[in-house]
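Enquirer: show me the folded form of this:
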Amino acid sequence: MNSLINHSKLPVLLYTIIMTIILTASYACAESGIDMFEETAIIPPSLEAAETDIDTLKLILELNDINTKEPLTDIHMSIELISVSRSTKTIKYIGDEPLLELNLPYDEWIIILKGDRLGTSGKDYYATYAIELNKDLNQTIYLLPVGSVEGMVYTNSELTEVVDGAILKFDCNADYGEAKDMSTDTFGSFKSEWLPVTGCRIYAKHGNRIGSTEVAITHGTLSNVQIVLDKDAVTKDYKVQVIIAVFAIIAFIVLARTYHKYLSKPSKKSNQAPKVAKRAKDIMNTLGDREKSIVTFLFENNNESTQNKIYHSTFIPKTSLARSLLLLEQKRIIKIDKLGNLRKIKLTKWFLDEES
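Expert: Sure thing, here's the model as predicted:
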């Protein structure tokens, strides 16, 4: 009798061994109450360090629609938490109860909420709130309606050539949401998801060609637009250019004389740079580039200015400037006083560490 295994029977032996292992494992799992084929549950990310902090306070937010005052349920909520010392992002599903529970350390928090119902084509809600958390707190907050827009940028009215890398600017009639500047991808397309429910004009520019279109953003809807670069960014009217040049020369002469008079006056300013408190330095290190440029400009102008001057001096787009000023006000860095159509911006005594 040949002691070697018959090769023709080898597949049968392998099959028998494999089935024995599977049946044994299944029997062991059944005995322990475990389904070896049970689907693994997907858990959304936690609030990282903010929820694992030893000393935390409970913040319960009741979420409502600002227009209907109805509670918000069955919605996925993207959450961004910002304080002076930390920031974190997560996502939570709000089911039948319109309550969002957060465990956060004692601090002053800016909370940005973005709500999305999967049954709608666009995004649905947006809100930014500032809360000083020094005890367990229940708070009712109202979210604003938003919508989304996507589109393509073309070089001609026949819509046959798309534009890669066209710069886009959104000018909306409301200041909430996220109307961020962006550019088209390699397919000539773009998408902006968190726009206020209002009329928006979208500008596009590539090289010396520009174009624009208007769109009415509706709640929870994804609108579609096309932008054709049908205008020249540089005027061809040489008469207009001559007139502009003449006015520029006159303006230069006036400014030169004014500047000469200014230089002839003795300076009353101190040669010393303004002293910056430690609190202000620490907070400045946490700010983004736009917010930091606004605060720096205020430092250089005796801690106060107007929104219009900040806009013309920092070249920050109007919608982005309004959002940055809101965040700075919610962080108690600035105070905004409205005097008719004029908005006066001041650095707060708290930020300057001048409170008695």
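
Enquirer: which SS class is Thr140?
Expert: At Thr140 the chain is in strand, as set by DSSP: H, G, I helix; E, B strand; the rest coil.

Enquirer: nearest residue to it in space, please, no chain neighbours.
Expert: Glu62 (4.5 Å; CB to CB, 6 or more residues apart in numbering). For glycine as for every other residue, the C-beta is placed from the backbone atoms N, C-alpha and C.

Enquirer: please point out which parts of the helix or strand where that neighbour lies sit buried.
Expert: Using DSSP states H and E, Glu62 maps to strand 57-65. Going by neighbour count (16 or more other CB atoms under 10 Å), the buried part of strand 57-65 is 57, 59, 61, 63-65.

Enquirer: and the residues you listed as a markdown table, adding distance to Phe252 and pLDDT?
Expert: Conversion of the buried residues of strand 57-65 to a markdown table gives the following (distance: CB to CB, whole Å; pLDDT from 0 to 100):
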| residue | distance to Phe252 | pLDDT |
| --- | --- | --- |
| Leu57 | 59 | 91 |
| Leu59 | 57 | 93 |
| Leu61 | 56 | 94 |
| Leu63 | 56 | 96 |
| Asn64 | 57 | 95 |
| Asp65 | 55 | 95 |
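
Enquirer: out of those, which is nearest to Ile94?
Expert: Closest to Ile94 out of those is Leu63 (6.5 Å), distances taken as CB to CB.

Enquirer: how near is the closest one to Val146?
Expert: In this view, Leu63 and Val146 are 14 Å apart by CB to CB, to the nearest Å.

Enquirer: and for Met284?
Expert: Where Val146 is concerned, Met284 sits at a distance of 31 Å (CB to CB).

Enquirer: swap in Glu70?
Expert: Between Glu70 and Val146 the computed distance is 17 Å (CB to CB).

Enquirer: then Ser121?
Expert: 13 Å.

Enquirer: between these two, which is the more surrounded one?
Expert: Relative neighbour count places Val146 above the other of Ser121 and Val146, with 29 against 12, counting by other CB atoms under 10 Å.

Enquirer: what about the more buried one, which SS state?
Expert: strand.

Enquirer: partner residues bridging Glu108?
Expert: For Glu108, the beta-bridge partners under DSSP bridges are Glu132.

Enquirer: shouldn't it be in contact with Ile333?
Expert: No - using CB atoms under 8 Å, Glu108 and Ile333 do not qualify as a contacting pair, with a distance of 10.6 Å.

Enquirer: mind checking which of these two has more residues around it?
Expert: Counting neighbours by other CB under 10 Å for Glu108 and for Ile333 shows that Ile333 has the greater number, 23 against 15.

Enquirer: touching, that one and Lys346? I think so.
Expert: No - the pair Ile333 and Lys346 fails to qualify as a contact (CB under 8 Å) at a distance of 10.2 Å.

Enquirer: what about the helices in the stretch 251-356 of the chain?
Expert: Defined through DSSP state H, counting those that start in this stretch, the helices belonging to the stretch 251-356 of the chain, from first to last, are 278-284, 289-300, 307-314, 318-330.

Enquirer: using PDB, list the CA coordinates for the strand holding Glu62.
Expert: Listed next in PDB are the C-alpha coordinates belonging to strand 57-65 (Å, rounded to 0.1, in the frame of the first residue of the first chain):
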ATOM      1  CA  LEU A  57     -20.200  70.500  31.700                       C
ATOM      2  CA  LYS A  58     -23.400  69.300  30.000                       C
ATOM      3  CA  LEU A  59     -24.800  71.500  27.300                       C
ATOM      4  CA  ILE A  60     -28.200  70.500  25.900                       C
ATOM      5  CA  LEU A  61     -29.400  72.400  22.800                       C
ATOM      6  CA  GLU A  62     -33.000  72.200  21.700                       C
ATOM      7  CA  LEU A  63     -33.000  72.700  17.900                       C
ATOM      8  CA  ASN A  64     -35.800  74.600  16.100                       C
ATOM      9  CA  ASP A  65     -36.600  76.000  12.700                       C
END
